[in-house]
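> Got a predicted structure here, sequence first:
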Amino acid sequence: MVLLRNVLTVQAVLGLASAAAIPASQIFSRDITPIVYRIDPNSLNLPAYEEPSGRAKAPGKVPCLDCETGTPPPDQNTPTDPPSDPRCLQMYIRRAWDSFTDTEKKAYLDAVVCLMNTPTKTGLPFAQTLHDDFVKMHQTMANYAHNSGWFLPFHRAMLHTYEQTLRNTCAYRGALPYWNEWADAGSFSTASIFDPVYGFGGNGSGEGQCIQDGPFANYTLNTGPGYNNIPHCIWRQFDDYSSTASARQYTERCFELDNYYDFTGCVENGHMPGVARNDLPIEVWRGEVPQWPPVPIDPSQGGGFDIVQALASPHNGGHIGVGGEMGNPISSPGDPLFFLHHAWVDRIWWQWQRKNLTERLTDIGGFSSAHYYPLPDVGHVPATLEDNLNMVGLGPDKKIGDVMDSRQWPLCVEYK
Ligand SMILES: *[C@@H]1O[C@H](CO)[C@@H](O)[C@H](O)[C@H]1NC(C)=O
Ligand SMILES: *[C@@H]1O[C@H](CO)[C@@H](O)[C@H](O)[C@H]1NC(C)=O
Ligand SMILES: *[C@@H]1O[C@H](CO)[C@@H](O)[C@H](O)[C@H]1NC(C)=O
Ligand SMILES: [Cu+2]
């Protein structure tokens, strides 16, 4: 059964040798026939994960501050409390992006650019950079890590792997920031996190809705959109109405729920116990959505589908308010903002856990795959603390039980 549960379905488009970036909107208007094949992760020939020895130098021409000088600046990650778990060498104090100084913001953005300029470590099909590797991780695990009990633990493990990769490969000295989305709900388009210099760049524009400024403008993703693997730009379609789904009230109602199964459904998709679910069409979860958000949506503008009414949740808010790559449930890590968004979601889980640690450090529920993805031969299997979260060679795999307590090794994370 263990093997069966590791059988993954991935679609890929073959025969596209050209590396020229093309706008995502054109990709979807093309006649593409995805080829479905199954991958057993045991057959992927993943490089074995190796503990890094010392800090790696950045590859050439990367504006990676401390890598270039070889002199690490003082650790920005000064803990206020000693680690509560003696196995933690230090704690990673995750703070809101808006609390970062300009120097800290620049150091983080530089490290992400460094990741984008570092060659793939997984060698997974179509991945060319370490940034692509994280998209592949998410693409590969998408049917397990969404609409399932794995949603929160998988993303927590993924964030840790990403944070450690920034530190070990790109000499980043801080902890992962999170995006405080309550502050920007309803007004993503003017949020300071999209600053062109000390931020992630702004909205997309033009035919492919490619981002035009910021440190990731002109970058070519080799994986995505969706399950496709076609070179394309990072694209965004801000929609301020959709971004109201990030409002505080849609988080607060999740905090009222008292078990993991109800809580995760509320956080991920705004599902409330006993209320009929407004599920997205299955095509969306297969990554086949041509563009996101679908139009028209805002009822005050005559739209027919009230996306906020249907989907308001702390998780959906960030995805649908930013749109484009972030609006794609399969390839959203292609926009580096994904990791700050998910750190926000992860903090919400931790805040909820902290309200009753005795109960909630072991509370897991739901299945080990999406409700629309019964496992071959065995169907739906309940998620357990023993389930293995595959990090596709980017870091050590983790069991769900390893990530239930953020403060403990291997995570050693605290949120401010
Ligand atoms: C973002 O850009 C898209 C595409 O150019 C445009 O349709 C949309 O109105 C913009 N959003 C905002 C909030 O400016
Ligand atoms: C992206 O390309 C444009 C046009 O060539 C250039 O002006 C801009 O500086 C580039 N941005 C980055 C972040 O490389
Ligand atoms: C934690 O949850 C358990 C089980 O629901 C309950 O008995 C207990 O009173 C709760 N503790 C707190 C501090 O709310
Ligand atoms: Cu995800």
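Received the coordinates, thanks. Ligands and ions are numbered 1, 2, ... in the order given.
> can you pull the contacts of residue 332?
In this structure, residue 332 makes contact with 138, 319, 325-326, 338, judged by C-beta atoms under 8 Å, 6 or more residues apart in numbering. Heads up, the C-betas are built off the backbone N, CA and C, glycines and all.
> how about a cut-off of 6 Å?
Residue 332 makes contacts with 326, 338, as judged by C-beta atoms under 6 Å, 6 or more residues apart in numbering.
> any idea how far residue 324 is from it?
The gap separating residue 332 from residue 324 is 9 Å, by C-beta to C-beta, to the nearest Å.
> In stretch 394-413, which residues are buried?
394-395, 398, 400, 402-408, 410-413 (16 or more other C-beta atoms under 10 Å).
> Cross-check these against ligand 2 and keep the overlap.
Among the buried residues of stretch 394-413, no residue sits close to ligand 2 (C-beta under 6 Å from any ligand atom).
> quick one: whatever residue of the chain ends up closest to ligand 2 from residue 337, how far?
Going by C-beta to the nearest ligand atom, ligand 2 is nearest to residue 218 of the chain, at 3.7 Å. Per C-beta to C-beta, residue 218 is found 17 Å from residue 337.
> what's residue 93 sitting at in phi/psi?
phi -90, psi 110 (degrees, to the nearest 10).
> and what of the one 5 residues further on?
For residue 98, the backbone dihedrals (degrees, to the nearest 10) come out as phi -70, psi -20.
> How many neighbouring residues does it have?
Here the number of neighbours of residue 98 (other C-beta atoms under 10 Å) works out to 15.
> residues in contact with it?
Contacts of residue 98 by C-beta under 6 Å, 6+ apart: none found.
> Recalculate using a threshold of 10 Å.
By C-beta atoms under 10 Å, 6 or more residues apart in numbering, the residues touching residue 98 are 105, 177-180, 183-184, 191-193.
> Make a ChimeraX selection of the buried ones in those residues.
Of the contacts of residue 98, the buried ones go into a single ChimeraX selection, burial set by 16+ other C-beta under 10 Å:
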select :105,177,178,179,180,184,191,193
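> Compile the contacts of residue 98 into TSV and extend it with columns for pLDDT.
TSV is the format used below for these (pLDDT from 0 to 100):
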residue	pLDDT
105	96
177	97
178	97
179	98
180	97
183	96
184	97
191	98
192	97
193	98
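> Quick one: the contacts of residue 98 as TSV, columns for distance to residue 349 too.
Converted to TSV, the contacts of residue 98 look like this (distance: C-beta to C-beta, whole Å):
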residue	distance to residue 349
105	25
177	17
178	12
179	15
180	15
183	19
184	20
191	23
192	25
193	21
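> nearest to residue 241, of the contacts of residue 98?
residue 184 (13.5 Å; C-beta to C-beta).
> Just give the closest residue to residue 176, not the sequence neighbours.
residue 163 (4.3 Å; C-beta to C-beta, 6 or more residues apart in numbering).
> Assumed that neighbour was part of a helix.
Yes: according to DSSP: H, G, I helix; E, B strand; the rest coil, residue 163 belongs to a helix.
> Phi, psi for residue 102 please.
Residue torsions, per degrees, to the nearest 10, at residue 102 are phi -60, psi -40.
> okay, now it: neighbour count?
Count around residue 102 with other C-beta under 10 Å applied: 10.
> Can you name the element that comes right after the host helix or strand of residue 253?
Using DSSP states H and E, the element containing residue 253 is helix 248-255. Scanning forward in sequence from helix 248-255 by DSSP H and E, the next helix or strand is helix 260-269.
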